[in-house]
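1. when you get a sec, could you give me coordinates for this:
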Amino acid sequence: MTDLMIEALPIGVGATLFMDVIALLRSRLFGIPSLNYAMLGRWVGHLPKGKLVYRPIDKSTRVRGESALGWVAHYLIGIIFAVVFLELAGAEWLEHTTLVPPLVFGVLTVLVPLLILQPCLGMGVAARKTPRPSVARLRSLFTHASFGLGLWVASQGYAHMLQG
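-> Residues are numbered from 1 along each chain as shown. Alright, predicted model coming up:
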């Protein structure tokens, strides 16, 4: 498990960074707003108080450092997803990376926000309580597909670094 964690750390950070760069480009080029990770930080910050579900989170009490906490949580989640992916893909995948497995995995990770995070933040299952649920769902799907592509890109970089 230790080798897996060592491999997952740069791959998870790299994939999350790739996803964030894509989100930044979408925002700058198309005016599509990026996610507000302060709301994730607010939710995480309230967890020790035993509160899991908010209706909605943006109306709840602010948490000191919620933006930084949200960004840290965001990257930790990316690392955890990388651990799960590498565990499922196996060590041989990292030696001969292909695009389809991480892309499929990235798309499947959209289930986490749709079924867990969005309901906890007061948006309902699959963002059904948002003003435009289908737009929110498509944005989530695109974001997680870009994470999957980022897993592949980061894995390529990691493999080249090891060969270097």
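2. going forward, measure contacts and count neighbours with C-alpha atoms only.
-> Fine.
3. sketch out the low-pLDDT regions of this protein for me.
-> Judged by pLDDT under 70, the chain has its weakly predicted residues at 1, 164.
4. if you set the cut-off to 90 instead, what comes out?
-> Confidence mapping of the chain against pLDDT under 90 gives the ranges 1-5, 33-35, 49-56, 58-59, 90-92, 94-95, 159-164.
5. centroid residue for it?
-> With distances taken as C-alpha atoms, centre = their mean, G78 lies nearest the centre of the chain, 5.2 Å away.
6. quick check: chain neighbours aside, which residue is closest to G78?
-> In space, and not counting its chain neighbours, G78 is closest to G12: 5.0 Å by C-alpha to C-alpha, 6 or more residues apart in numbering.
7. nope, L40 is what I meant
-> Here the residue nearest L40, using C-alpha to C-alpha, 6+ apart, is G70, at 4.9 Å.
8. then I116?
-> V125 (7.5 Å).
9. what is the burial count for the one you found?
-> Number of residues near V125 (other C-alpha atoms under 10 Å) recorded here: 18.
10. and it, how far from T143?
-> 17 Å (C-alpha to C-alpha, to the nearest Å).
11. next: L52.
-> In terms of C-alpha to C-alpha, L52 sits 24 Å off from T143.
12. out of those two, which sits in the busier spot?
-> T143 (23 against 14).
13. now for the helix or strand that one falls within, which elements pack on it?
-> Assigned by DSSP states H and E, T143 belongs to helix 133-163. Judged by 3 or more C-alpha pairs under 8 Å, 6 or more residues apart in numbering; DSSP states H and E, the packing partners of helix 133-163 are helix 2-30, helix 91-95, helix 100-108.
14. using CSV, write out the CA atom coordinates for the helix or strand hosting G45.
-> Element membership of G45, judged by DSSP H and E, is helix 37-46. The C-alpha atoms that make up helix 37-46 are tabulated as CSV, following Å, rounded to 0.1, in the frame of the first residue of the first chain:
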residue,chain,number,x,y,z
TYR,A,37,-14.6,25.3,-3.0
ALA,A,38,-15.3,27.6,0.0
MET,A,39,-18.7,25.8,0.3
LEU,A,40,-16.9,22.5,0.4
GLY,A,41,-14.7,24.0,3.1
ARG,A,42,-17.7,25.2,5.0
TRP,A,43,-19.3,21.8,4.9
VAL,A,44,-16.0,20.1,6.0
GLY,A,45,-15.6,22.7,8.7
HIS,A,46,-19.0,22.0,10.1
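15. no further queries at this time; thank you.
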